[in-house]
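A.B. asks: What would the 3D arrangement of this be:
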Amino acid sequence: MKGTDTSAAAIRKLDLSSSRREDTRVGGGWRGRAVLRAAAAATALLAITALFTGCPLCNGNDVGCGDGVKISGPIGLAANTSAHIEVRACWNRRCGEATLGSEPGDLPSSPSPANGASADIDGGRFRFALFDVDPSNAEWELSIDFSPDVDTELEDGDVYSVSVIDADTQRELVSLEHSISYREVQPNGEGAFCTSCDVAGIKLPPPAAQ
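C.D. replies: Presented below is the predicted three-dimensional model:
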C-alpha cells in the first residue's frame with residue numbers, strides 16, 4: 001500500500017515551504033508572519049489527517065485496500081460427499097500448510113472449524129478456505145488468500161505454487177506453479193493522498209483426472 005509514503009513526502013514539502021515563507025518579509029510585520037504560520041499549520045494538519053485516517057483528501061473518499069493475491073478454483077471432489085484435503089501454498093518458496101475438511105451443506109455464512117485455516121510464513125500469511133461456493137459446478141472449491149506483511153513489498157515475477165492432496169487417498173488433486181505480474185488498484189481514484197495497492201488473482205488449473 002503506497003498512500004502513506006506519498007503523504008509523508010507531502011508533509012515534508014509543506015514543512016520546508018512554510019520555513020521559507022517565514023524567512024520572507026511580509027506586509028504587516030509579525031501579524032503577517034503569524035497568518036502564514038497559521039495557514040501552514042492548518043495545511044500540515046490536513047496532510048497528517050490524511051496520513052492517519054485513510055484518504056479524506058482523496059476525492060472525498062476513504063476506501064481502504066491491501067496488497068495481496070487470491071488463488072481459487074474447484075479441486076475435483078464432489079460437493080455432495082465429505083472432503084478432506086492437505087494443502088501446501090508457497091510464495092517465492094516460502095510455504096504454509098493446512099488440513100481442511102468440508103461436509104455437504106457447509107456454507108461460508110456458517111462455517112465449521114475445519115473449513116478454514118491460516119499459516120504464517122516469512123513475509124506474510126496464507127489463509128485457506130474450502131466450500132461449495134458455486135453449486136453449478138458440483139465440486140468443492142478451494143480459496144487461498146496471501147497477504148504480505150506491512151513492511152513487505154510484492155514484486156512482478158513473484159512465484160506462487162499450490163499442491164492439493166486428497167487426505168483420504170493421498171491422490172494429488174491440483175498442482176500449480178505460476179509467476180505473476182500485479183495490477184495496481186486505487187479504490188478512491190488518483191491523487192497525492194490516494195491509497196494504491198498491488199493485487200492479483202490466480203485460477204487453479206483443472207483438477208487431475210481420477
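
A.B. asks: how's this protein carved up into domains?
C.D. replies: Here the domain assignment for the chain is 3-53, 68-184+194-203, based on automatic domain parsing.

A.B. asks: okay if I get these as CSV plus mean neighbour count, distance to residue 60 and mean pLDDT?
C.D. replies: From N, CA and C alone the C-beta is placed, and that goes for glycine too. Below are the domains of the chain laid out as CSV (neighbours: other Cβ atoms under 10 Å; distance: least, Cβ to Cβ, whole Å; pLDDT from 0 to 100):
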stretch, mean neighbour count, distance to residue 60, mean pLDDT
domain 3-53, 13, 12, 50
domain 68-184+194-203, 16, 11, 93
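
A.B. asks: Quick one: the strands in this structure, in order.
C.D. replies: Applying DSSP state E to the chain gives strands spanning 68-78, 83-91, 94-102, 116-121, 124-131, 139-148, 159-166, 172-179, 183-185, 197-203.

A.B. asks: mind checking which of those is nearest residue 110?
C.D. replies: Comparing the strands of the chain against residue 110 with Cβ to Cβ, the closest turns out to be strand 124-131 (10.4 Å).

A.B. asks: Can you spell out which helices and strands pack onto the closest one?
C.D. replies: Where contact means 3 or more Cβ pairs under 8 Å, 6 or more residues apart in numbering; DSSP states H and E, strand 124-131 is packed against strand 83-91, strand 94-102, strand 116-121, strand 139-148.

A.B. asks: residues making contact with stretch 84-101?
C.D. replies: Here stretch 84-101 makes contact (Cβ atoms under 8 Å, 6 or more residues apart in numbering) with 69, 71, 75, 77, 82-83, 112, 114-126, 128-130, 142, 144, 146, 158-168, 173.

A.B. asks: could you dump that stretch to PDB, C-alpha only?
C.D. replies: Only the C-alpha atoms of stretch 84-101 are listed here, as PDB (Å, rounded to 0.1, in the frame of the first residue of the first chain):
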ATOM      1  CA  HIS A  84     -10.600 -33.900   3.400                       C
ATOM      2  CA  ILE A  85      -7.600 -32.300   1.800                       C
ATOM      3  CA  GLU A  86      -4.000 -31.300   2.600                       C
ATOM      4  CA  VAL A  87      -2.900 -28.000   1.100                       C
ATOM      5  CA  ARG A  88       0.600 -26.600   0.600                       C
ATOM      6  CA  ALA A  89       0.900 -23.000  -0.700                       C
ATOM      7  CA  CYS A  90       4.200 -21.100  -1.400                       C
ATOM      8  CA  TRP A  91       5.200 -17.600  -2.200                       C
ATOM      9  CA  ASN A  92       8.800 -17.400  -3.600                       C
ATOM     10  CA  ARG A  93       9.500 -20.800  -2.000                       C
ATOM     11  CA  ARG A  94       8.200 -19.700   1.500                       C
ATOM     12  CA  CYS A  95       5.400 -22.200   2.200                       C
ATOM     13  CA  GLY A  96       2.500 -22.700   4.500                       C
ATOM     14  CA  GLU A  97       0.400 -25.800   5.000                       C
ATOM     15  CA  ALA A  98      -3.100 -26.600   6.200                       C
ATOM     16  CA  THR A  99      -5.500 -29.600   6.500                       C
ATOM     17  CA  LEU A 100      -9.100 -28.800   5.600                       C
ATOM     18  CA  GLY A 101     -12.400 -30.600   5.700                       C
END
